[in-house]
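Peer 1: For reference, the sequence and a predicted model appear below.
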Amino acid sequence: MDVRVKFLGGAQSVTGSKFLLEVDNYRLLIDCGLFQGLKKLRLRNWEEFPIDVNEIDAIILTHAHLDHSGYVPRLVKQGYKKNVYCTEGTADLLEIMWMDSAKLQEEEAEFAKQKGYSKHKNPLALYGQKDAEASLKTIIPKSFEKSFDLTENIQVKFYPAGHILGAASVEIILQGDNQRKNIIFSGDLGRNSDPVLFPPTLFKHADVVFLESTYGDRLNDVAKVQDELKKHILEHMNDGVIMIPAFTVGRTQNLLFYVHELMKTGQIPHLPVYIDSPMAISVTHLYKKYTEQHRLEDKSIFEDKNFHYVREHQHSKALDELKDRAIIISASGMLTGGRILSHLFKRLGNENDLLLMVGFQAVGTRGRDILEGKESVKIYGEEVPIKCNFTKIDGLSAHADQTELLDWYATFVDALKLTFLVHGEPEAMDVLKTKLEEQGAKNVFIPDYMESFELFSGI
């Protein structure tokens, strides 16, 4: 049995994760994410897929974030009809996220057509709601820590990764004629001390590991998050509105936890908090279904009387009239789409408002541009000047930081044959590679986009 891997995404970037594992003639795609951020990356979403979609035998998803799952409806639109395997929690999230993604893309295409800011005469959506509905029919949900067979030689097992609900590290077990090999894809790893989710699963044995590297070059102190959040709210609540762009899965729920605790303990006054994301609202309800996957004992946290869940577009628009003493939490987390754009369009020019970013901002995203000091960003085809206050809290990320990545890797007892650093920007990967090698790791690689490697031969 010969085994190869080809990097179709997630290589020296934090988006578009796609790893094509070829076991003899069987082709398995681990993750199937959208490219985001820089235009040159986003354009890959529109390019012809590198292989015939009918030659893909199965897809395995580590979790529901669109940079890991959001390209599946595009593949289905191109003819993919086989199975997509993921955890049960991920399956529930995909039903929410794929439909929302498709709806947004259709709306953005129509809006671009009406306003005429697209270079195309008839701008199209990457995929639509019919494609998302068809994609949902391909999903095969699986439980954590129960192996299942893809073929007589290939087994798969999901383990909790602590990143978001349903997020998994994936073990691929290959049974050859004379040897047994295993490959571990870390997926996105969560924090060891996350206040809501449990820490990621640790492993002792593997032959090959694919390790995410988002924060491979920095430390994020979870202990400081609540104090920093308190500080920014107290400083700005009387002067203007606080806008917090947040990922709908994980980040929004962690924010609600912290704000609830701050108000409950009297560290900040009771303020109206508007959760302006129908998708985030739907996701929040899933925390009641998957109680075994999180630490929350007080199930009423999300029912705080100060929390106002905004579903209707009309109610969302009414938030533009708010002047102060209010917090708006909306998606998307990197300002790439969603209702947060409408608020930014209206409020970036307000000198008293605060834009508080709480997650990783990839190169080429509006969030990154703002943090790097750009004077304006383009929204709905117009350049919008940035006059509001803005800052960032790092510790709220759902990604393991450098120390946690090194600690996770250090639990492997035996030397690994190969280690691939994925899902990170080049600088972060370079630093993490050096740290791993100082820790004794051998054969650590930073693959390029479309690069292939032989993992095993004749097993």
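Peer 2: Sure, I can see it.
Peer 1: for the stretch 201-350 of the chain, what are the low-confidence residue spans?
Peer 2: 299 (pLDDT under 70).
Peer 1: Just the helices from it, written as ranges.
Peer 2: Chain-ordered helices for the stretch 201-350 of the chain, with DSSP state H, counting those that start in this stretch as the definition, fall at 225-236, 251-264, 278-289, 313-318, 340-347.
Peer 1: helices or strands up against the last one?
Peer 2: Translated: helix 340-347. strand 241-245, strand 326-330, strand 376-379, strand 382-385 (3 or more CB pairs under 8 Å, 6 or more residues apart in numbering; DSSP states H and E). Heads up, the C-betas are built off the backbone N, CA and C, glycines and all.
Peer 1: Identify all contacting residues around the first one.
Peer 2: When contacts are defined by CB atoms under 8 Å, 6 or more residues apart in numbering, strand 241-245 is touched by residues 232-233, 236, 255, 322-324, 326-335, 340, 343-344, 347, 350, 353-359, 367.
Peer 1: do that again at 7 Å, thanks
Peer 2: 233, 236, 255, 322, 324, 326-333, 335, 340, 343, 347, 353-358, 367 (CB atoms under 7 Å, 6 or more residues apart in numbering).
Peer 1: Can you check the pLDDT for Thr62?
Peer 2: With respect to pLDDT, Thr62 scores 98.
Peer 1: ok, and the closest non-adjacent residue to it?
Peer 2: In space, and not counting its chain neighbours, Thr62 is closest to Gly187: 3.2 Å by CB to CB, 6 or more residues apart in numbering.
Peer 1: quick one on the thing from earlier: ok, of the contacts of strand 241-245, which come out buried?
Peer 2: Buried by 16 or more other CB atoms under 10 Å: 233, 236, 255, 322, 326-333, 335, 340, 343, 347, 353-358, 367, out of those.
Peer 1: picking up where we left off before, make CSV from the helices of the stretch 201-350 of the chain and add distance to Pro195 to it.
Peer 2: Written out in CSV, the entries for the helices of the stretch 201-350 of the chain read as follows (distance: least, CB to CB, whole Å):
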stretch, distance to Pro195
helix 225-236, 9
helix 251-264, 6
helix 278-289, 13
helix 313-318, 28
helix 340-347, 24
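Peer 1: nearest to Leu93, of those?
Peer 2: Counting by CB to CB, Leu93 lies closest to helix 278-289 out of the helices of the stretch 201-350 of the chain; the figure is 6.5 Å.
Peer 1: what comes into contact with that closest one?
Peer 2: When contacts are defined by CB under 7 Å, 6+ apart, helix 278-289 is touched by residues 92-93, 96-97, 100, 165, 248-249, 252-253, 275, 294, 296, 299, 302, 309, 311, 331.
Peer 1: relative to strand 326-330, how tilted is it?
Peer 2: For the pair helix 278-289 and strand 326-330, the angle between their directions (axes from the mean of the first three to the mean of the last three CA atoms, to 10 degrees) equals 90 degrees.
Peer 1: Per the annotation, how does this protein divide into domains?
Peer 2: Per the record, the chain has its domains at 3-218+398-456, 222-392, by automatic domain parsing.
Peer 1: Which among the helices of the stretch 201-350 of the chain is found nearest to Leu66?
Peer 2: Leu66 sits nearest to helix 278-289 of all those, at 10.8 Å, using CB to CB.
Peer 1: mind listing what the most centrally placed residue in the chain touches?
Peer 2: The residue lying closest to the centre of the chain (CA atoms, centre = their mean) is His65, at 3.9 Å. Contact analysis of His65 by CB under 7 Å, 6+ apart lists Ile164, Val249.
Peer 1: what's it sitting at in phi/psi?
Peer 2: Backbone torsions of His65, given as degrees, to the nearest 10, read phi -50, psi 140.
Peer 1: Over to the one 5 residues further on?
Peer 2: Gly70 adopts backbone torsions of phi -70, psi -10, taken as degrees, to the nearest 10.
Peer 1: out of the helices of the stretch 201-350 of the chain, nearest to Lys146?
Peer 2: Comparison of the helices of the stretch 201-350 of the chain against Lys146 by CB to CB identifies helix 278-289 as nearest, at 18.8 Å.
Peer 1: Go ahead and produce CSV holding the CA coordinates of that closest one.
Peer 2: Provided in CSV are the C-alpha atoms of helix 278-289 (Å, rounded to 0.1, in the frame of the first residue of the first chain):
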residue,chain,number,x,y,z
PRO,A,278,-29.2,34.6,13.3
MET,A,279,-26.6,31.9,12.8
ALA,A,280,-24.9,32.6,16.1
ILE,A,281,-28.3,32.5,17.8
SER,A,282,-29.1,29.1,16.3
VAL,A,283,-25.6,27.8,17.3
THR,A,284,-26.0,29.0,20.9
HIS,A,285,-29.1,26.8,21.2
LEU,A,286,-26.9,23.8,20.4
TYR,A,287,-25.0,24.2,23.6
LYS,A,288,-28.1,22.9,25.4
LYS,A,289,-28.1,19.8,23.2
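Peer 1: Could I get the buried residue list for it?
Peer 2: When neighbours are counted by 16+ other CB under 10 Å, the buried residues of helix 278-289 are found to be Pro278, Met279, Ala280, Ile281, Ser282, Val283, Thr284, Leu286, Tyr287.
Peer 1: same thing with stretch 301-314?
Peer 2: Using 16+ other CB under 10 Å as the burial criterion, the residues of stretch 301-314 that qualify are Ile301, Phe302, Asn306, Phe307, Tyr309, Val310.
Peer 1: Looking at the residues you listed, which one is closest to Trp408?
Peer 2: Ranking these by separation from Trp408, with CB to CB as the measure, puts Ile301 on top at 28.2 Å.
Peer 1: surely that closest one meets His260?
Peer 2: Yes - checked against CB atoms under 7 Å, the pair Ile301 and His260 is within contact range at 5.1 Å.
Peer 1: The residue nearest to Thr62 sits in which helix or strand?
Peer 2: Assigned by DSSP states H and E, Gly187 belongs to no helix or strand.
Peer 1: Same question for Val5.
Peer 2: For Val5, the secondary-structure element it belongs to, assigned by DSSP H and E, is strand 3-9.
Peer 1: Output that strand as CSV, nothing but the C-alphas.
Peer 2: As requested, C-alpha coordinates have been extracted for strand 3-9 and formatted as CSV (Å, rounded to 0.1, in the frame of the first residue of the first chain):
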residue,chain,number,x,y,z
VAL,A,3,0.3,6.6,0.6
ARG,A,4,0.7,10.2,-0.6
VAL,A,5,-0.6,13.6,0.4
LYS,A,6,-1.2,16.7,-1.7
PHE,A,7,-1.8,20.1,-0.1
LEU,A,8,-4.8,21.7,-1.8
GLY,A,9,-5.1,24.4,0.8
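Peer 1: And the contacts of that strand?
Peer 2: Contacts made with strand 3-9 from outside it, assessed by CB under 7 Å, 6+ apart, are listed as 16-23, 33, 35, 50, 174, 447, 449-456.
Peer 1: Give the rounded mean pLDDT of the helix or strand just after that strand.
Peer 2: Towards the C-terminus, the helix or strand next in line after strand 3-9, according to DSSP H and E, is strand 18-23. When pLDDT is averaged along strand 18-23, the result is 98.
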